[in-house]
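**Q** Just a sequence and a predicted model for now, questions to come.
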Amino acid sequence: MQGLPKAVCGRYAPAMRQSYLRPIPLTDPAEAGAGLPLAGGWVRFTHLERLSRDAPPEIVAATDLPQAVLAPFLAPRAAIAGLTCDRPRIMGILNVTPDSFSAGGRHAGQDAAIAAAQRMLADGADLIDIGGESTRPGAAELAIAAEIDRIAPVIAGLRAAGVSAPISLDTRKAAVAMAGLAAGADVINDVSGLRHDPGLADVAAAQGAPLIVMHSIGTPETMQGMASDAYGDVLLDVYDALAAIVAQAEAAGMPRARIMIDPGIGFGKTLAQNMALLARLSLFHGLGCAILLGVSRKGMIGTISGEADPAKRGPGSAAIGLWAVQQGIQMLRVHDIALHQQALALWQALATPGVVGQEERKR
């Protein structure tokens with residue numbers, strides 16, 4: 001273990017790779033139809049960036065690489081809870097907590113939470129992510145029984161109200177996951193990346209539920225204090241850590257096709273570290289999993305934009321979301337559904353020449 005970055009020691013401790021490949025997305029309309037499809041989605045690429053810990057980056061042509069090396073980048077991602085990954089998806093955030101960083105208390109009551117979820121779906125959310133425990137920086141752990149009391153009635157209430165859209169449960173605990181799935185949830189979203197309770201992977205595997213695993217370090221109470229000296233190369237360290245988490249989930253019986261990964265922006269990372277991850281997000285396609293990104297209203301947006309009020313950070317959130325979609329990220333976890341839905345609609349109109357406006361060009 002000597003020499004391993006702190007972020008990947010302990011449970012993670014993956015074998016350090018010699019080099020890493022990052023597909024370089026084509027974004028110009030002149031390149032439409034060129035190259036290879038990334039993860040079976042809307043992004044294409046002809047070249048990759050080779051990264052390593054001890055050498056400068058270099059650009060390599062996809063045609064110079066063996067098919068076996070390209071396979072993780074080319075394989076279409078399987079549907080998650082019935083949602084195909086051939087277009088960007090929106091996950092709506094529903095925190096039924098009194099102390100979330102962005103909307104603490106607004107959705108804490110069952111009726112308010114159900115109404116909020118219905119509004120999100122009407123605005124275009126593809127699924128709802130319900131969380132009963134705040135994991136904002138500095139938050140204390142919530143007892144299992146209290147967390148179940150917060151989330152189970154809301155999930156059951158949504159199903160009773162006729163909501164058929166997928167529901168994701170944001171929890172770090174196997175017992176809470178069991179209760180949430182029993183109440184009608186479809187997906188487990190673990191921000192601890194199986195560090196808090198490894199039994200979550202066993203629950204997901206046994207119940208046939210997709211599992212979202214996020215990279216983080218420490219606990220919500222300690223993570224930001226650890227960030228400044230936690231990494232050697234944050235991009236490659238987070239990649240290695242996620243690779244180890246995916247392997248851990250597979251060892252518990254989870255098929256890789258049912259695992260979604262999240263690089264954990266804002267969870268034990270400084271502003272510079274967050275920016276490094278965002279700049280080269282497409283690296284994570286090499287793990288062969290669908291990718292979720294959660295940056296909505298986070299502190300980095302306030303730092304860069306100067307907006308102190310999290311509720312007013314929707315435009316900055318959408319800007320990062322559009323950048324992520326151009327990197328082939330399949331799902332965005334957001335608060336402001338209508339804003340992101342509109343932004344994506346306009347982006348797709350520009351990014352898919354020959355579809356929107358085709359009739360006008362024929363005239």
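**A** Structure's in. What do you need?
**Q** And what about residue 87, helix, strand or coil?
**A** For residue 87, the assignment made with DSSP: H, G, I helix; E, B strand; the rest coil gives coil.
**Q** what secondary structure does the most centrally placed residue in the chain sit in?
**A** Nearest residue to the geometric centre of the chain (Cα atoms, centre = their mean): residue 292, 2.1 Å. With three-state DSSP as the basis, the three-state label of residue 292 is strand.
**Q** Distance of residue 43 relative to residue 206?
**A** According to Cβ to Cβ, to the nearest Å, residue 43 and residue 206 sit 34 Å apart. Quick note: C-beta positions are derived from backbone N, CA and C, even for glycine.
**Q** So between those two, which is more surrounded?
**A** residue 43 (22 against 13; other Cβ atoms under 10 Å).
**Q** Quickly find the element holding the residue lying closest to the more buried one once chain neighbours are set aside.
**A** The shortest distance from residue 43 to any residue other than its chain neighbours is 3.9 Å, reached at residue 328 (Cβ to Cβ, 6 or more residues apart in numbering). Remark: residue 328 resides in no helix or strand, with elements defined by DSSP states H and E.
**Q** Kindly report the same for the one 5 residues further on.
**A** Following DSSP H and E, the helix or strand that holds residue 333 is strand 331-334.
**Q** other SSEs contacting that strand?
**A** Packed against strand 331-334 by the contact rule (3 or more Cβ pairs under 8 Å, 6 or more residues apart in numbering; DSSP states H and E) you find strand 89-95, strand 290-294, helix 314-326.
**Q** Go through the second one and flag the buried ones.
**A** Translated: strand 290-294. Across strand 290-294, burial judged by 16 or more other Cβ atoms under 10 Å covers 290, 291, 292, 293, 294.
**Q** My read is that the first one contacts residue 81, right?
**A** So the one you mean is residue 290. No: using Cβ atoms under 8 Å as the test, residue 290 is too far from residue 81 to be in contact (11.1 Å).
**Q** any idea how far residue 43 is from residue 175?
**A** From residue 43 to residue 175 the distance is 39 Å (Cβ to Cβ).
**Q** and if you look at residue 194?
**A** For residue 194, the distance to residue 175 equals 15 Å [Cβ to Cβ].
**Q** Same check on residue 24?
**A** Note on residue 24: its distance to residue 175, by Cβ to Cβ, is 44 Å.
**Q** Contact partners for residue 175?
**A** Contacts for residue 175 (Cβ atoms under 8 Å, 6 or more residues apart in numbering) come out as 144, 148.
**Q** Recalculate using a threshold of 7 Å.
**A** By Cβ atoms under 7 Å, 6 or more residues apart in numbering, the contact list for residue 175 reads residue 144.
**Q** Return the set of buried residues in the stretch of helix or strand it belongs to.
**A** Using DSSP H and E, residue 175 sits in helix 174-183. By neighbour count on 16+ other Cβ under 10 Å, the buried set for helix 174-183 is 174, 175, 176, 177, 178, 179, 180, 181, 183.
**Q** ok, now stretch 34-54?
**A** In terms of neighbour count (16+ other Cβ under 10 Å), stretch 34-54 has its buried residues at 35, 37-45, 47-51.
**Q** can you pull out the strands in the stretch 101-250 of the chain?
**A** Using DSSP state E, counting those that start in this stretch, the strands found in the stretch 101-250 of the chain span residues 127-131, 167-170, 187-190, 211-214.
**Q** Dump those to JSON lines, plus mean neighbour count and mean pLDDT.
**A** Output for the strands of the stretch 101-250 of the chain, formatted as JSON lines (neighbours: other Cβ atoms under 10 Å; pLDDT from 0 to 100):
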{"stretch": "strand 127-131", "mean neighbour count": "25", "mean pLDDT": "97"}
{"stretch": "strand 167-170", "mean neighbour count": "28", "mean pLDDT": "98"}
{"stretch": "strand 187-190", "mean neighbour count": "26", "mean pLDDT": "98"}
{"stretch": "strand 211-214", "mean neighbour count": "28", "mean pLDDT": "98"}
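**Q** would you turn the ones you listed into a markdown table with distance to residue 270?
**A** A markdown table is the format used below for the strands of the stretch 101-250 of the chain (distance: least, Cβ to Cβ, whole Å):
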| stretch | distance to residue 270 |
| --- | --- |
| strand 127-131 | 24 |
| strand 167-170 | 24 |
| strand 187-190 | 23 |
| strand 211-214 | 17 |
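**Q** what about those, which gets the closest to residue 73?
**A** With Cβ to Cβ, the closest approach to residue 73 among the strands of the stretch 101-250 of the chain belongs to strand 211-214: 19.9 Å.
**Q** Give the pairing partners of the closest one; include direction for each.
**A** Sheet pairing here is set by DSSP bridges, and for strand 211-214 it gives strand 187-190 (parallel), strand 259-262 (parallel).
**Q** Need the pLDDT of residue 140.
**A** Residue 140 carries a pLDDT value of 86.
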